[in-house]
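Asks: can't give you the sequence, but here's the structure:
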């Protein structure tokens, strides 16, 4: 068991080292990672990676790091991230106090309730994704800039 954990940690560190050694300037690498984190905050299961890569291409970021950045949402983090996004959306758009009786709801009412939920989670996802992407960009850029400076000295 201990040997397996040690092997996993070793492989994980090698993977992270490989990621940080991607081609590009610190700005390109940080933009790629941030675009992935931004798209990973949206509940578009199955296409988050494609959205992150497309966004990275638009802002001239590293596409591999964009794909990795979408891993911010995974089966462990889905519920907390999307719950937070929904709650933030409720703060911006107002909170509905009562849940309608599902037996009395019509097709139009169902569509309206679905739109209210969708709009709240998308507004919250935009806010959360923007903040997370900005923090990711700043953190990654500072680390990569320092690493580049250290490499030039040696």
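Replies: Cool, the structure landed. Please read these numbers as outputs of a predicted model, since none were measured by experiment.
Asks: CA atoms for contacts and neighbours, from now on please.
Replies: Noted.
Asks: what's around residue 124, how many residues?
Replies: By the criterion of other C-alpha atoms under 10 Å, residue 124 has 27 neighbours.
Asks: Which parts of the protein are helices?
Replies: 2-20, 26-40, 48-58, 63-69, 78-93, 107-153 (DSSP state H).
Asks: so what does the fifth one touch, helix or strand wise?
Replies: Read that as helix 78-93. Using 3 or more C-alpha pairs under 8 Å, 6 or more residues apart in numbering; DSSP states H and E as the contact test, the elements touching helix 78-93 are helix 107-153.
Asks: The helix it packs on - what's its average pLDDT?
Replies: Taken as a whole, helix 107-153 has a mean pLDDT of 87.
Asks: angle of that helix against helix 78-93?
Replies: With axes from the mean of the first three to the mean of the last three C-alpha atoms, to 10 degrees applied, the angle from helix 107-153 to helix 78-93 works out at 110 degrees.
Asks: So which other helices or strands are in contact with helix 107-153?
Replies: Packing contacts for helix 107-153, counted by 3+ C-alpha pairs under 8 Å, 6+ apart, involve helix 26-40, helix 78-93.
Asks: before we move on, back to that, out of the helices of the chain, which is the most enclosed?
Replies: Compared across the helices of the chain, helix 26-40 shows the largest average neighbour count, a mean of 29 (mean count of other C-alpha atoms under 10 Å).
Asks: Let's have the helices and strands packed on helix 107-153 in a markdown table, adding distance to residue 145.
Replies: Listed next are the helices and strands packed on helix 107-153 as a markdown table, based on distance: least, C-alpha to C-alpha, whole Å:
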| stretch | distance to residue 145 |
| --- | --- |
| helix 26-40 | 6 |
| helix 78-93 | 29 |
